[in-house]
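1. Quick check, what structure comes out for this input:
(2 chains)
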There are 2 protein chains.
Amino acid sequence: MGKITVVGIGPGSLLDMTPRARQAIESAEVIAGYNTYIKLIEELLGDRKVIGTAMMQEIDRCKMAVAEAAEGHDTVVVSSGDAGVYGMAGLVLELVLQQPEDKRPEFGGVIAGVSAVNAAASVLGAPLMHDFAVISLSDLLTPWETIEKRIEMAAQGDFVTALYNPKSKKRVENIERVREIMLQHRKADTPVGIVTAASREGEGKIISTLEDFTKQEINMFSLVIIGNSMTYVKDGYMITPRGYGNKEPGL
Amino acid sequence: MGKITVVGIGPGSLLDMTPRARQAIESAEVIAGYNTYIKLIEELLGDRKVIGTAMMQEIDRCKMAVAEAAEGHDTVVVSSGDAGVYGMAGLVLELVLQQPEDKRPEFGGVIAGVSAVNAAASVLGAPLMHDFAVISLSDLLTPWETIEKRIEMAAQGDFVTALYNPKSKKRVENIERVREIMLQHRKADTPVGIVTAASREGEGKIISTLEDFTKQEINMFSLVIIGNSMTYVKDGYMITPRGYGNKEPGL
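-> Here you go, the predicted structure:
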């Protein structure tokens, strides 16, 4: 039996990939992943076998990767950012554990990576810092009612709120609904940061407000961070202080 | 003027530190950080100046780091995990921006690292995967009512919930209150993972349940991840599936 390992490659640049992730990729016989991510690590691939298909076939791709490992080939499945956040960690683990024990490849574990939310935050300054919620606006695998409930709870709890998959060509209304819900609980001038392609070619950042942010360019490579009641903008940086209410530390 | 950069060193091992972080540390003249973290990167320090004090003096330590940079010495402030999550990113940025412009060192930015929550999740399997909330139970800088409200909202929103600073010698009741609140919204057998010292010497993991987890060993180096209504345990791994309700993908 071979081994199958799930590897978070970080936000994009090889400078943001951990040595542990790099070693796993470089020592594997087979590398599986979405084509866009395979391209980011092209220089590490050499002439090894690559299983790279389009996004909508990710279950089949992971099944192929598990089969490769079961046939004796050490395999890694790469996932952008951290593999455990909307990534391939769960899917691969579920597929491995579904195999009968005598046909199950060794599970080499999940190698954590720099998550997209942390990469985006670092571009904006220090917008997370305190308690935060991470929510995907994609209703492909989650009913919209569940997502909307979470936005409501995040708003009421004054969580800094990071939105994955905020908008795509087909999905343009969800982000408007988020704005409406958040405006019921936060001021119109609450800072909102939009980071597109963090740590990749063409990286962009915009700092806007809850009132206006949906008028900005937001696409499927964007991550949106909505500040809490304490978040402010100074000299182009978005900052959430650590101290809260009457407990703010004296700087 | 020198430059000051905030660097997330990841959870502990140098294998989990990004090359960008390592380069920043290796090229700095002065390195500031909490002693425990300075020790983790000891082999990178060489004979450079180190500003390392105990935890409670972190504001003074960061002020000294800003002053070093203002005097012309390139300085990094290291923070464990990701510097933007309960770390030094915000504090350093605030201190830099407080300086009058003619005395302000260049801000070299925040270098994102593998966050503790992602490292802990990778040890447990794939417990995050879907929407999640991150909450610190330390009421040192945040009123307990704010924290409790957030626990309640995270519980109602069925967020996978990660708890930083779950317990210390002085603070033992907060985690019991979290258990009570969560039990009002989630089943007693909801999986709860506890990871202590992820990616460091003495790493430990326990998978328990919402009913029982507070009986387990939890300390200030632990991170607790409470599953959502879909989270399950199989063969020692904690997994939250990506699909939700009637939209679960057929594997």
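
2. now the helix or strand where residue A:149 lies and helix B:144-156, what's the angle there?
-> Counting by DSSP states H and E, the element that carries residue A:149 is helix A:144-156. With axes from the mean of the first three to the mean of the last three CA atoms, to 10 degrees as the criterion, the two stretches helix A:144-156 and helix B:144-156 enclose an angle of 180 degrees.

3. surely residue A:81 meets residue A:116?
-> Yes - at 4.0 Å, residue A:81 counts as touching residue A:116 under the criterion of CB atoms under 8 Å. In this view, the C-beta of every residue, glycine as well, is placed from N, C-alpha and C.

4. Next, show the common contact partners of the two.
-> Where contact means CB atoms under 8 Å, 6 or more residues apart in numbering or on different chains, the residues bridging residue A:81 and residue A:116 through contact with each are residue A:11.

5. low pLDDT regions in the stretch 51-200 of chain A?
-> Residues of the stretch 51-200 of chain A meeting the criterion pLDDT under 70: A:54-56.

6. all helices of it, in order?
-> Here the stretch 51-200 of chain A has its helices, by DSSP state H, counting those that start in this stretch, at A:58-70, A:89-98, A:116-124, A:144-156, A:174-183.

7. Among these, show me which one is buried the most.
-> Each of the helices of the stretch 51-200 of chain A was assessed for mean neighbour count using mean count of other CB atoms under 10 Å in any protein chain shown. The highest is helix A:116-124, with a mean of 29.

8. Packing partners of it?
-> Under the contact definition 3 or more CB pairs under 8 Å, 6 or more residues apart in numbering or on different chains; DSSP states H and E, helix A:116-124 sits against strand A:160-164, strand A:191-196, strand A:204-209, strand A:222-226, strand B:106-111.

9. what's the first one packed up against?
-> Read it as strand A:160-164. With contacts defined as 3+ CB pairs under 8 Å, 6+ apart, the packing partners of strand A:160-164 are helix A:116-124, strand A:132-136, helix A:144-156, helix A:174-183, strand A:222-226.

10. contacting residues around the longest one?
-> Put plainly, it is helix A:144-156. Defining contact as CB under 8 Å, 6+ apart, one finds that helix A:144-156 is touched by A:133, A:135-137, A:139, A:161, A:174, A:177-178, A:181-182, A:184-186, B:131, B:133, B:149, B:153-154, B:156-159, B:244-245.

11. run the last query once more with 7 Å
-> Under the contact criterion CB atoms under 7 Å, 6 or more residues apart in numbering or on different chains, helix A:144-156 has outside partners A:133, A:135, A:137, A:139, A:161, A:177-178, A:181-182, A:184-186, B:131, B:153, B:156-157, B:159, B:244-245.

12. Check the offset of the helix or strand residue A:24 falls within from the chain's centre.
-> Counting by DSSP H and E, the element that carries residue A:24 is helix A:19-27. Counting by CA atoms, centre = their mean, to the nearest Å, helix A:19-27 is centred 20 Å from the centre of its parent chain.

13. Kindly report the same for stretch A:224-235.
-> Here stretch A:224-235 shows a centroid-to-chain-centroid distance of 20 Å under the convention CA atoms, centre = their mean.

14. close to chain B, is it?
-> Yes - Stretch A:224-235 reaches chain B (CB under 7 Å from any CB of the partner chain) through A:234-235.

15. In that stretch, which residues are buried?
-> A:224-228, A:230-231, A:233 (16 or more other CB atoms under 10 Å in any protein chain shown).

16. try stretch A:9-16
-> Neighbour counts using 16+ other CB under 10 Å place A:9-14, A:16 of stretch A:9-16 among the buried residues.

17. what's the most distant pair in those?
-> A:11 and A:14 (10.8 Å; CB to CB).

18. any idea how far chain B is from residue A:87?
-> Residue A:87 sits 8 Å away from chain B when distances are taken as CB to the nearest CB, to the nearest Å.

19. Could you count how many residues lie near residue A:29?
-> Residues near residue A:29, counting by other CB atoms under 10 Å in any protein chain shown, number 15.

20. Apart from its neighbours in sequence, what residue is nearest it?
-> The shortest distance from residue A:29 to any residue that is not its chain neighbour, by CB to CB, 6 or more residues apart in numbering or on different chains, is 4.4 Å, and that residue is residue A:73.

21. Residue A:79 too?
-> Spatially, and ignoring its direct neighbours in sequence, residue A:79 is nearest to residue A:87 (3.6 Å; CB to CB, 6+ apart).

22. ok, back up a step: determine the angle, from 0 to 180 degrees, between the helix holding residue A:149 and strand B:132-136.
-> Between the direction of helix A:144-156 and that of strand B:132-136, the angle (the same axes, to 10 degrees) works out to 20 degrees.

23. Residue A:194 and residue A:203 touch, don't they?
-> No - with contact defined as CB atoms under 7 Å, residue A:194 does not count as touching residue A:203 (11.6 Å).

24. Have a look at these two and say which one is more surrounded.
-> Regarding residue A:194 and residue A:203, a neighbour count based on other CB under 10 Å identifies residue A:194 as having more, with 23 against 17.

25. Distance of the more buried one relative to residue A:225?
-> In this structure, residue A:194 and residue A:225 are 8 Å apart, going by CB to CB, to the nearest Å.

26. Equivalent analysis for residue A:2, please.
-> Residue A:2 sits 40 Å away from residue A:225 when distances are taken as CB to CB.
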